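In: The following comprises the amino acid sequence and a computationally predicted model.
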Amino acid sequence: MTIPLEIADSTSGSWTVVTVTGEVDVATSPELFDALDRATDDKQRLVVDLSRVTFMDSTGLGVLIQTLRAVLAKDGEMRLVVHEQNVRKIFEVTGLDGVIQIYGSLADATA
């Protein structure tokens, strides 16, 4: 059973936080891309909270890489929050855990 994607924006100090819930795959990645694109319009500090994401495929990774490039082009910073081991593993296997800062909690990511 597919868990529908939910996306919410908020702020924490100087950070824009985009909280993602559900599954990020080929069907939901365009929605995530649009939300992250809006969130980075005029912002330089972005946290993508994936702690409620239960599954992510390579299309989701592609969206995060595009977002990272956009943030870095503005001399910004992007961080992720990841709880699920199966989601964290995709970052480890691809080596992206060495490129994107990954935290275990939102509090740590926005500190």
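Out: It's in. Numbering: from 1, shown residues only.

In: When you work out contacts or count neighbours from here on, use the C-alpha atoms and nothing else.
Out: OK.

In: Show me the helices in this structure, by range?
Out: Ranges of helices in the chain, per DSSP state H, are 29-39, 58-73, 85-94, 106-109.

In: Any idea how far the first one is from the middle of the chain?
Out: I take that to be helix 29-39. Distance of helix 29-39 from the chain centroid (Cα atoms, centre = their mean, to the nearest Å) equals 10 Å.

In: Quick one: residues contacting the spatially most central residue of the chain.
Out: Geometric centre of the chain, nearest residue: Val48, 3.4 Å, by Cα atoms, centre = their mean. Counting by Cα atoms under 8 Å, 6 or more residues apart in numbering, Val48 makes contact with 17-20, 78-81.

In: Is it possible to get JSON lines of these that adds pLDDT, distance to Phe55 and neighbour count?
Out: Below are these laid out as JSON lines (pLDDT from 0 to 100; distance: Cα to Cα, whole Å; neighbours: other Cα atoms under 10 Å):
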{"residue": "Val17", "pLDDT": "96", "distance to Phe55": "20", "neighbour count": "25"}
{"residue": "Val18", "pLDDT": "97", "distance to Phe55": "17", "neighbour count": "21"}
{"residue": "Thr19", "pLDDT": "98", "distance to Phe55": "14", "neighbour count": "20"}
{"residue": "Val20", "pLDDT": "98", "distance to Phe55": "11", "neighbour count": "21"}
{"residue": "Met78", "pLDDT": "97", "distance to Phe55": "20", "neighbour count": "24"}
{"residue": "Arg79", "pLDDT": "98", "distance to Phe55": "18", "neighbour count": "21"}
{"residue": "Leu80", "pLDDT": "98", "distance to Phe55": "15", "neighbour count": "25"}
{"residue": "Val81", "pLDDT": "98", "distance to Phe55": "14", "neighbour count": "24"}
